[in-house]
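Participant: heads up, no residue letters with this:
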């Protein structure tokens, strides 16, 4: 294998793919990139055996071939080289020689045959989705995914697809986030897929706010997204996602609304003195006013007051302030509406007159 390429041309695919490479891995080859050079193009692949990213770039290929090289070392080398320099790669036995200007690096390799790749995927349905819309619904729900939960199906994001809607749902058992993208998908049948946490985070990282469409391919075991020169593939979590519709309060007539940004700032200030373990805050609603109170074990107290539009009796509510802030920060509107059936029930956090984004936060006993 022998090729040359501009620093910026190779740094882009390397940076796009390196995020999927685990720092700690079960197989030594998983710490490497698979680099394939052929027909004036190179491809760079990274995987952790669950999520795979492949990026391509144009190069001057003198000798076709493939090998694997240490991923983070190669990224660090390319980043440290000066702008505009041409980098040459040449395989010499079990080493790859990287040269740029007066710099010279020799990297160890492992055989490409040892590199695990996700093979061609069976019976996939392919749909076109607006990139900006997909990124937005991921951003508004990913925060509620569980992390390391024994209920493995919660450590990911549900893609609930119908012919006219793409919905994402996440829950960790304490809160739930749901967001809809109304779009024509023309699917043969409704689909429900659980994409693992790492795959969701990589998707968010690679997507932009472009108005262009991306290609989303779906099967029972895999999801694949192609955006420009980058192809993302992820295995799916084999499990049954909870019946999330049952968690969303229906007919929650007791509600109040307030300025979202003001509430976020007040909660952030109060959280400084909240209990380090439970992060609880108490919302005291009375006569179109909300008092936000936090205590900790040192008998310290923080109090904030906010004006609200109250459509319920005076009462007290308790929440985990982190969960409440996550839900509020994922909205875009100037005002926020918080609805519930009674003070001890779950709370629905929404934007006024917008059902496409719904967040549910469970109450906390204080």
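Facilitator: Now that the structure is in, tell me what you want to look at. Predicted model only: the values in this text are computed from it and were never measured.

Participant: regarding residue 119, what is its secondary structure?
Facilitator: coil (DSSP: H, G, I helix; E, B strand; the rest coil).

Participant: burial measure for it, as a count.
Facilitator: 8 (other C-beta atoms under 10 Å). C-beta coordinates here come from the backbone N, C-alpha and C atoms, glycine included.

Participant: ok, residue 362 next?
Facilitator: Residue 362 has 16 neighbours, counted by other C-beta under 10 Å.

Participant: how about residue 355?
Facilitator: Using other C-beta under 10 Å, residue 355 has 9 neighbouring residues.

Participant: now do residue 223
Facilitator: Residue 223 has 23 neighbouring residues, counting by other C-beta under 10 Å.

Participant: same check, this time on residue 4
Facilitator: Count around residue 4 with other C-beta under 10 Å applied: 16.

Participant: repeat for the one 4 residues further on
Facilitator: In terms of burial, residue 8 registers 12 neighbours under the definition other C-beta under 10 Å.

Participant: got the buried residues for stretch 213-225?
Facilitator: 213-214, 216-218, 222-225 (16 or more other C-beta atoms under 10 Å).

Participant: residues in contact with it?
Facilitator: 118, 121-131, 134, 159, 161, 191, 193, 195, 199, 203, 206-207, 226-227, 231-236, 238 (C-beta atoms under 8 Å, 6 or more residues apart in numbering).

Participant: any idea of the pLDDT on the residue positioned nearest the centre of the chain?
Facilitator: Centroid-nearest residue in the chain, with C-alpha atoms, centre = their mean: residue 201, separated by 2.8 Å. Model confidence at residue 201, given as pLDDT, is 96.

Participant: name the nearest residue to it, sequence neighbours excluded.
Facilitator: residue 142 (7.0 Å; C-beta to C-beta, 6 or more residues apart in numbering).

Participant: pretty sure the one you found sits against residue 204.
Facilitator: Yes. With contact defined as C-beta atoms under 8 Å, residue 142 counts as touching residue 204 (6.3 Å).

Participant: between the two, which one's more packed in?
Facilitator: A direct count of neighbours by other C-beta under 10 Å for residue 142 and residue 204 places residue 142 higher, at 21 against 13.

Participant: so who does the residue nearest to residue 201 touch?
Facilitator: Each residue near residue 142 by C-beta under 8 Å, 6+ apart is listed here: 157, 168, 170, 177, 200-201, 204.

Participant: so residue 234 makes contact with residue 50?
Facilitator: Yes. At 6.7 Å, residue 234 counts as touching residue 50 under the criterion of C-beta under 8 Å.

Participant: what residues do the two have in common as contacts?
Facilitator: Common neighbours of residue 234 and residue 50 (C-beta under 8 Å, 6+ apart) are 196, 198-199.

Participant: tell me which of those residues fall in helices.
Facilitator: If you go by DSSP state H, the shared contacts of residue 234 and residue 50 have 198-199 in helices.

Participant: can you lay out the shared contacts of residue 234 and residue 50 as CSV showing neighbour count and distance to residue 86?
Facilitator: As requested, the shared contacts of residue 234 and residue 50 are arranged in CSV below (neighbours: other C-beta atoms under 10 Å; distance: C-beta to C-beta, whole Å):
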residue, neighbour count, distance to residue 86
196, 21, 39
198, 17, 34
199, 26, 35
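
Participant: could I get the full set of helices for the protein?
Facilitator: 7-18, 71-80, 131-139, 197-206, 260-271, 321-329.

Participant: distance from the chain centre to the last one, please.
Facilitator: Meaning helix 321-329. Distance of helix 321-329 from its chain centroid, counting by C-alpha atoms, centre = their mean, to the nearest Å, is 17 Å.

Participant: ditto for the fourth one
Facilitator: Per C-alpha atoms, centre = their mean, the displacement of helix 197-206 from the mean C-alpha position of its chain is 4 Å.

Participant: mean confidence score for stretch 143-161?
Facilitator: Rounded mean pLDDT across stretch 143-161 is 96.

Participant: next: stretch 228-237.
Facilitator: The predicted model assigns stretch 228-237 a mean pLDDT of 94.
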